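K.L.:
Structure, please.
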Amino acid sequence: MMRRLARIAGTLMIVAGIGALAWAVAVWQWQDPFTAVVNELEQRGLEQDFERSLTGRPGAALAVSSDARELRAQLASEAKAWRKQLGRGDAVARLRIPALGVNEIIVNGTDTDTLKRGPGRYLKSAVPGEGELVYVAGHRTTYGAPFSRIDRLKKGDRVVVELPYATYEYRITGYRIVDDTELSVLRSKGFEQLALQACHPRFFATQRWITYAEPVGVTPTGADSVTSLAASLG
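P.N.:
As a prediction, this is how the structure comes out:
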């Protein structure tokens, strides 16, 4: 009986070891499959909320001006109004990064619970169109791992951010690696810039990987074509 119990215990330990190894490989190659399910459910709800905002927000469609300064003022006004009506955990925008296969709804906030729902906008940063820093953080290994391969982004890669009042296109310009205590990266430099942040290296949180992008085009809601941002956002 004792030998039989020992064999059973040994078999269970082997199975557990194989299971742990399989889980580790899955997380390394992809992401934590258990928290991914939680994130998928949250993203479905956020997607529905965001779709409603696209059709249900009064005055979202702009009478697009051909004058760069007037267009900048229109976009800034709409952006500010949108940011002010957002609550913690609300759907902010749709984020698409073709090079990484990312198509996620950005959530308002970067606290632990909010980031379980998707990449989050730092509450003290701007939203696209305000002409300031737009700071978005996301997980690399858990809860959908939207920024799992952030280190693979290259200069010139496209990033698209869709909001109720306009869709913005950004191009990657570079990246920084900073300590997790470095707070200066959260301060705007006074011009439109998108920052995507994730923990670095993967599985650790001692540093932050921050990829930067600058705006190159905008399609205001209701417009037929992309407008250059070189003049409109300055």
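K.L.:
Spell out which residues make up each domain of the protein.
P.N.:
Domains of the chain are assigned by automatic domain parsing as 1-30, 33-232.
K.L.:
So for the protein, the centremost residue is which one?
P.N.:
Note on the chain: the residue nearest the mean C-alpha position is residue 119, at 3.7 Å, using CA atoms, centre = their mean.
K.L.:
doesn't residue 104 make contact with it?
P.N.:
Yes: here residue 119 reaches residue 104: they are 5.7 Å apart, a contact under CB atoms under 8 Å. In short, each C-beta sits where N, CA and C put it, glycine included.
K.L.:
Are there residues contacting both of these two? Which ones?
P.N.:
Jointly contacting residue 119 and residue 104 under the rule CB atoms under 8 Å, 6 or more residues apart in numbering are 95, 138, 146.
K.L.:
export the residues you listed to CSV and tack on secondary structure, neighbour count and distance to residue 186?
P.N.:
Output for the shared contacts of residue 119 and residue 104, formatted as CSV (DSSP: H, G, I helix; E, B strand; the rest coil; neighbours: other CB atoms under 10 Å; distance: CB to CB, whole Å):
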residue, secondary structure, neighbour count, distance to residue 186
95, strand, 22, 19
138, coil, 25, 15
146, coil, 29, 19
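K.L.:
Pick the one among the residues you listed closest to residue 155.
P.N.:
residue 95 (19.0 Å; CB to CB).
K.L.:
Report the contact partners of the closest one.
P.N.:
Residue 95 neighbours (CB under 8 Å, 6+ apart): 102-106, 119, 136, 146, 159-161.
K.L.:
Please indicate which of those residues are buried?
P.N.:
Buried members of these, counted by 16 or more other CB atoms under 10 Å: 102, 104-106, 119, 136, 146, 159-161.
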